[in-house]
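Asker: would you be able to build a 3D model of this:
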Amino acid sequence: MKRPIQFDNHPFRFLLYLEWILLAFAAFTGIIPSFSQRFQPRFPELTICSLALFGLMGLRLPTRNHITKAIYTAVEILLILIIGFFGGKTARLFPFFYLILVTRSCLIFELPGRLVVTGLSFILFLLTIRRRFAHIASSPGEQERFWFFTLSFVLVFGLALLFVLLLMNAVLSERKSREKLAIANNKLRHYALQIENQATLEERNRIAREIHDSLGHSLTALNLQLETGLKLWQSNPTKAQTFLTKAKELGSKALQDVRQSVSTMRSHPLQEQSLELAIAGLAENVQRSTGVAPICQIYLSHPIPVEVSTAVYRIVQESFTNICKYARATEVKLEITTIKTCLQLKIADNGIGFDVTQNTTGFGLQSMRDRTLALDGYFNIKSAPGSGCQVIATIPLSLSLLTHLETHDVHD
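Answerer: Here you go, the predicted structure:
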């Protein structure tokens with residue numbers, strides 16, 4: 001809820017200063033003795049107290065409850081009437097008090113309330129004028145001049161009320177627009193910071209995935225080659241030499257992957273070779289590491305986008321890495337098929353399996369899931385202890401590619 005308008009948060013503090021100057025001048029005129037009995041104040045103490053209370057009310061303007069606002073305005077009007085009826089010379093300044101009333105109403109009411117207070121102020125001003133000059137007796141010419149002056153004064157006062165109302169509305173609207181603009185700018189800066197942080201986080205995750213998928217795979221294969229070479233070093237040095245040579249090649253490849261990751265992070269790990277050849281290379285690494293030759297069935301009826309082929313390659317790479325590290329499988333089968341709406345990938349092994357409710361939060365598995373979901377695809381893992389594992393990914397193909405293919409088929 002809105003905080004009441006006080007001195008420390010008053011939007012136009014100079015208005016308070018003008019009010020105090022006017023009220024101080026009114027109090028001063030009420031104190032000075034008058035030589036005319038007509039303008040002698042009947043209750044000077046009441047007038048001074050009313051002026052002081054009216055001025056103090058300007059230090060706290062209600063902004064929350066409509067009933068509080070109405071009571072506050074009614075008390076202000078009552079004080080103005082008291083000053084007008086019992087103020088003597090001070091009563092001559094009563095039109096300025098209505099201007100203060102309208103100014104304050106603009107700060108606490110919305111437009112309908114402002115219009116009501118302005119109209120009520122003008123009506124009370126007319127009633128006060130009628131009462132004060134109802135018993136003036138003079139010649140017809142003087143009365144004509146008097147009423148002409150009175151009507152002119154009423155017209156000027158009405159225009160003054162209207163001017164104050166329009167001016168305050170314009171100033172408040174401009175101030176509210178500035179506040180909304182400042183809030184919008186703050187939100188925009190906050191959103192920009194959030195987007196920047198999110199982009200930084202996504203880039204970090206992407207780099208982590210790239211390092212894990214490329215360097216992790218090479219180091220895993222390197223470790224397996226070294227372990228096998230060490231086991232065969234005493235019994236079969238010649239074969240162990242083969243494994244160590246392969247380990248050296250994998251170490252060189254890992255070093256190359258690190259350099260590429262630090263510099264540019266490879267966006268396309270296939271390096272201008274087809275997906276079939278790239279996966280064949282991964283299958284060959286599996287066979288060298290575990291002695292198990294994966295059965296690869298790849299049926300690509302048409303070319304697929306680079307981002308899809310990259311994701312498929314990384315998923316296959318991570319799956320083969322997990323098979324080499326954990327599965328202890330004797331049979332691995334890979335199947336990739338495409339239709340005009342999507343690409344389907346299945347990788348199955350007959351290894352030891354695992355509990356999918358407890359072992360799906362690793363970075364490798366999460367990386368495969370993230371890559372699939374980033375392409376609006378579907379990813380699932382089916383496994384159980386002692387029952388092997390099956391990785392399933394379905395990735396939709398882009399509409400632009402489908403349109404291109406349909407056009408190509410028509411031309412053919």
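Asker: residue closest to the middle of the protein?
Answerer: Central residue of the chain (CA atoms, centre = their mean): residue 191, 4.6 Å from the mean position.
Asker: where does it land in three-state SS?
Answerer: Using DSSP: H, G, I helix; E, B strand; the rest coil, the secondary structure recorded for residue 191 is helix.
Asker: how is the chain partitioned into domains?
Answerer: Following automatic domain parsing, one finds the domains of the chain at 5-188, 274-412.
Asker: the last one - what's its average pLDDT?
Answerer: Confidence over domain 274-412 (mean pLDDT, whole number) is 84.
Asker: again with stretch 254-264
Answerer: Averaged across stretch 254-264, the pLDDT comes to 64.
Asker: ok, residues contacting the strand or helix carrying residue 382?
Answerer: Secondary-structure assignment from DSSP states H and E places residue 382 in strand 378-383. Contact with strand 378-383 is made by 353-356, 360, 365, 368-369, 372-373, 389-394, as judged by CB atoms under 8 Å, 6 or more residues apart in numbering. Where you see a C-beta, it was placed from the backbone N, CA and C, and this is true even at glycine.
Asker: CA atoms only: put the helix or strand following it into PDB for me.
Answerer: Sequence order places strand 389-396 as the next helix or strand after strand 378-383, per DSSP H and E. Taking Å, rounded to 0.1, in the frame of the first residue of the first chain, the C-alpha atoms of strand 389-396 are listed here in PDB:
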ATOM      1  CA  CYS A 389      20.900 -50.700 -21.000                       C
ATOM      2  CA  GLN A 390      19.000 -49.000 -23.800                       C
ATOM      3  CA  VAL A 391      19.400 -45.300 -24.800                       C
ATOM      4  CA  ILE A 392      16.600 -43.900 -26.900                       C
ATOM      5  CA  ALA A 393      16.600 -40.400 -28.500                       C
ATOM      6  CA  THR A 394      14.100 -39.000 -30.900                       C
ATOM      7  CA  ILE A 395      14.900 -35.600 -32.500                       C
ATOM      8  CA  PRO A 396      12.500 -33.800 -34.800                       C
END
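Asker: list the buried ones in strand 389-396?
Answerer: By neighbour count, and taking 16 or more other CB atoms under 10 Å as the criterion, the buried residues in strand 389-396 are 389-395.
Asker: what's the closest of the contacts of strand 378-383 to residue 177?
Answerer: Distance from residue 177 was checked for each of the contacts of strand 378-383 by CB to CB. The minimum falls on residue 373, at 42.6 Å.
Asker: so how many other residues sit close to the closest residue to the closest one other than its chain neighbours?
Answerer: If the residues on either side of it in the chain are set aside, residue 373 comes closest to residue 379, at 6.6 Å by CB to CB, 6 or more residues apart in numbering. Under the neighbour criterion other CB atoms under 10 Å, residue 379 is assigned a count of 18.
Asker: got it, and the one 5 residues further on?
Answerer: Residue 384 is flanked by 11 other residues according to other CB under 10 Å.
Asker: then residue 21?
Answerer: Around residue 21 there are 10 other residues, counting by other CB under 10 Å.
Asker: and for residue 310?
Answerer: The criterion is other CB under 10 Å. On that basis, residue 310 has 21 neighbouring residues.
Asker: doesn't residue 270 make contact with it?
Answerer: Yes. Under the criterion of CB atoms under 8 Å, residue 310 is in contact with residue 270, at a separation of 6.8 Å.
Asker: past the helix or strand containing residue 19, which element shows up next along the chain?
Answerer: Residue 19 is located in helix 13-31, with elements delineated by DSSP H and E. Next along the chain after helix 13-31, taking DSSP H and E as the criterion, comes helix 44-57.
Asker: other SSEs contacting that following helix?
Answerer: For helix 44-57, the elements it packs on are helix 13-31, helix 66-86, judged by 3 or more CB pairs under 8 Å, 6 or more residues apart in numbering; DSSP states H and E.
Asker: tell me what angle that helix forms with helix 66-86.
Answerer: Between the direction of helix 44-57 and that of helix 66-86, the angle (axes from the mean of the first three to the mean of the last three CA atoms, to 10 degrees) works out to 150 degrees.
Asker: can you check what angle separates helix 44-57 from helix 13-31?
Answerer: Orientation check (the same axes, to 10 degrees): helix 44-57 against helix 13-31 gives 180 degrees.
Asker: with only the CA atoms kept, save helix 44-57 in PDB.
Answerer: Coordinates of each C-alpha in helix 44-57 appear next as PDB, following Å, rounded to 0.1, in the frame of the first residue of the first chain:
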ATOM      1  CA  PRO A  44      -9.100  35.600  16.700                       C
ATOM      2  CA  GLU A  45      -7.900  32.600  18.800                       C
ATOM      3  CA  LEU A  46     -10.100  30.300  16.800                       C
ATOM      4  CA  THR A  47      -8.900  31.800  13.600                       C
ATOM      5  CA  ILE A  48      -5.200  31.400  14.500                       C
ATOM      6  CA  CYS A  49      -5.800  27.800  15.700                       C
ATOM      7  CA  SER A  50      -7.700  27.000  12.500                       C
ATOM      8  CA  LEU A  51      -4.800  28.400  10.400                       C
ATOM      9  CA  ALA A  52      -2.200  26.400  12.400                       C
ATOM     10  CA  LEU A  53      -4.200  23.200  12.200                       C
ATOM     11  CA  PHE A  54      -4.800  23.700   8.500                       C
ATOM     12  CA  GLY A  55      -1.100  24.200   7.900                       C
ATOM     13  CA  LEU A  56      -0.100  21.200  10.100                       C
ATOM     14  CA  MET A  57      -2.500  19.000   8.100                       C
END
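Asker: please consider this matter closed, and thank you.
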